[in-house]
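J.: Need coordinates for the below:
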Amino acid sequence: MERPSLEINLPDTHEEGKLYVVDSLNNLNKLNVCPDGSQHALDEEEYTGDTGENTAGSNVRNQCLFFVTFILTLIVSLALVSFVIFLIIQTRNKMDQISSRLISEKKNIEELRKMNNMILKHLNQSGIKK
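T.: Residues are numbered from 1 along each chain as shown. Modelled structure (predicted):
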């Protein structure tokens, strides 16, 4: 099957044919620019008059831009939420480490106090302290 040529001989067609060819090329261009969800808008564009063609084309572009922006916003939001969850988990792990260190240091301080009290008692009993 041969591919049809993209060259169009406009001088051979009538005025209505020219408009139809231009509309077909515009529709093909819009399908190539925004293939997702554009068929419905193109069908609506066929039923509108000359004044509605520009607004329908800009509607398709606005919808595509909106969906692309929406998807990008969702991706960025998901990345930020994932990063916040990662930071929360890391902070909790660090807090657990710090609290375990504090508990062990508290035990060491209590042992040092006991030893200090024992040394003071021993010094008081031996009379070396003034």
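J.: Check which helix or strand residue 28 maps to.
T.: helix 15-33 (DSSP states H and E).
J.: swap in residue 59?
T.: Taking DSSP H and E as the definition, one finds residue 59 inside helix 52-126.
J.: model confidence over that helix, on average?
T.: In this model, helix 52-126 has a mean pLDDT of 92.
J.: which other helices and strands contact it?
T.: helix 15-33, helix 38-47 (3 or more Cβ pairs under 8 Å, 6 or more residues apart in numbering; DSSP states H and E). (C-beta placed from N, C-alpha, C; glycine too.)
J.: neighbours around residue 60, how many?
T.: 22 (other Cβ atoms under 10 Å).
J.: Surely it and residue 30 touch.
T.: Yes - counting by Cβ atoms under 8 Å, residue 60 touches residue 30, with 6.0 Å between them.
J.: if I look at residue 116, how far off is residue 123?
T.: Residue 116 is 10 Å from residue 123, where distance means Cβ to Cβ, to the nearest Å.
J.: ok, now residue 81?
T.: Distance from residue 81 to residue 123, by Cβ to Cβ: 62 Å.
J.: ok, now residue 70?
T.: 78 Å.
J.: for residue 23, same thing?
T.: 106 Å.
J.: go on, residue 21?
T.: To residue 123, residue 21 is 110 Å away according to Cβ to Cβ.
J.: cool, and residue 24?
T.: Residue 24 is 106 Å from residue 123, by Cβ to Cβ.
J.: now do residue 26
T.: Taking Cβ to Cβ, one finds residue 26 at 101 Å from residue 123.
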